[in-house]
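>>> Build me a model:
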Amino acid sequence: MKNIIYSLTFIIISFVGCSGTTHKHVVSEKVTIVRFDKDVYNYLQQPDEVKESMLKNKYPLLLPAFGQIAMDNNDPATFFASLKEYFSHPALMQIYRDALSTFDNLTPYEEELGKANTLISENLAGRQLPDLAMHVSGFRENVIILNNLISISADKYLGTEYSGYKDYFQAFERQQMQPSYIVRDYLKAWLMSDLIKANNDEQNVLTAIVNEGKVLYALSILLPEKEMIDIIGYTKNQYDWCKTNEKMIWQKIVKQNYLYSTDNMIITRLVNDGKNTIMISEGSPGRVGCWVGWQIVNQYAKKKGATLQDIINTDAQTILKESKYNP
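Coordinates of the predicted model:
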């Protein structure tokens, strides 16, 4: 993976569908989530030079990346002073404690990720999840992606009704800020950064929505026990709206000449989270372009009998053409 930091807040993608493969019993491969959050909290309770040295040695890439996204600090000389100052605010420390309490035991998430890792091995030869970690950012970026490491911010998954969210996040944003989305978001971050983007052509609406569809199709295979509305992060009503209005959604994208547009604003409005996808309908959910992307990819997979690796390697134009998508 590239040594970069991604701002994948609510890593958003739409999906619904199933692969042709069923997994009655999946043997879990061990996955461990490194507790960077606990190590940093331990330091903040009793700061000293020994702990500073430990953090620098244990997290040579994650520590400075965390400083950049949480505190906008790239200076090693002032890093720990900035860290202590940043988390000195009582409200922020309460959020930190709430996150540690909510995610004191990560075994259920590690077991689910282990099963997904087994399915990655089965469907994508030679591939495995990178190292995984957890941090607390204070409502900043919820995903950090570095060289062979993905870290997720625990304070972005404290539950839709968490009191600390009300003044900062709208209802559509809080919809996916639940513990049940942690495993999905680790996998989504890995798929987007290490597989899908690596095969990306010039970005236009078609490539954007098909890439989102590829990720969601992959998630349906890697998380076979998840409901489709949980893969996409929709309510049942939102999902049903998309199914009912599928033809209208596609006609608007085509007739408004959006499909091959390279306008970043159009792409963003179709695939990013929002109260709705206003260019489609005020009554629509957000990310409708992602949902359509899944429909295209899923239909292609069924018509071609394609493997997950085939789908990842195939360009968006070919997938659209050979899917014969026309709801």
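>>> which other helices and strands contact the helix or strand harbouring residue 50?
Element membership for residue 50, per DSSP states H and E: helix 49-58. Packing contacts for helix 49-58, counted by 3 or more CB pairs under 8 Å, 6 or more residues apart in numbering; DSSP states H and E, involve helix 36-45. For the C-beta atoms, the positions are set from N, CA and C on the backbone; glycine is no exception.
>>> tell me the mean pLDDT over the helix it packs on?
Within the predicted structure, the mean pLDDT of helix 36-45 is 98.
>>> picking that back up, run through who's touching the helix holding residue 50.
39-40, 42-43, 63, 80 (CB atoms under 8 Å, 6 or more residues apart in numbering).
>>> Separate out the buried members of those.
Among those, those classed as buried by 16 or more other CB atoms under 10 Å are 39-40, 43, 63, 80.
>>> in the helix or strand containing residue 83, what's buried?
Following DSSP H and E, the helix or strand that holds residue 83 is helix 79-86. Within helix 79-86, the residues that qualify as buried by neighbour count (16+ other CB under 10 Å) are 79-80, 83, 86.
>>> what does it contact?
With CB under 8 Å, 6+ apart as the contact definition, helix 79-86 has outside contacts at 40, 43-44, 47, 52, 63-64, 67, 70-71, 73, 75, 92, 138.
>>> Including secondary structure and distance to residue 234, could those residues go into TSV?
As requested, the contacts of helix 79-86 are arranged in TSV below (DSSP: H, G, I helix; E, B strand; the rest coil; distance: CB to CB, whole Å):
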residue	secondary structure	distance to residue 234
40	helix	34
43	helix	39
44	helix	38
47	coil	44
52	helix	44
63	helix	36
64	helix	37
67	helix	35
70	helix	30
71	helix	34
73	coil	37
75	coil	42
92	helix	31
138	coil	28
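>>> out of those, which are buried?
Among these, those classed as buried by neighbour count (16+ other CB under 10 Å) are 40, 43-44, 63-64, 67, 70-71, 73, 92, 138.
>>> Next, format the contacts of helix 49-58 as TSV and append distance to residue 228.
Written out in TSV, the entries for the contacts of helix 49-58 read as follows (distance: CB to CB, whole Å):
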residue	distance to residue 228
39	37
40	36
42	40
43	42
63	38
80	45
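>>> and which of those is nearest residue 175?
residue 40 (28.2 Å; CB to CB).
>>> list the contacts for that closest one?
For residue 40, the residues meeting the contact criterion (CB under 8 Å, 6+ apart) are 55, 66, 83, 135-136.
>>> Report the buried residues of the strand or helix carrying residue 220.
For residue 220, the enclosing helix or strand under DSSP H and E is helix 205-222. By neighbour count, with 16+ other CB under 10 Å as the criterion, the buried positions of helix 205-222 are 205-222.
>>> Poorly predicted segments of this protein, please.
Along the chain, the parts satisfying pLDDT under 70 run over 1-28, 197-201.
>>> how does it divide into domains?
Partitioning the chain according to automatic domain parsing yields domains covering residues 33-194, 202-323.
>>> Tell me which of the ones you listed is the most buried.
Burial of the domains of the chain is given as mean neighbour count (mean count of other CB atoms under 10 Å); domain 202-323 ranks first at a mean of 19.
>>> what's the first-to-last distance across that domain?
Using CA to CA, to the nearest Å, the end-to-end distance of domain 202-323 comes out at 21 Å.
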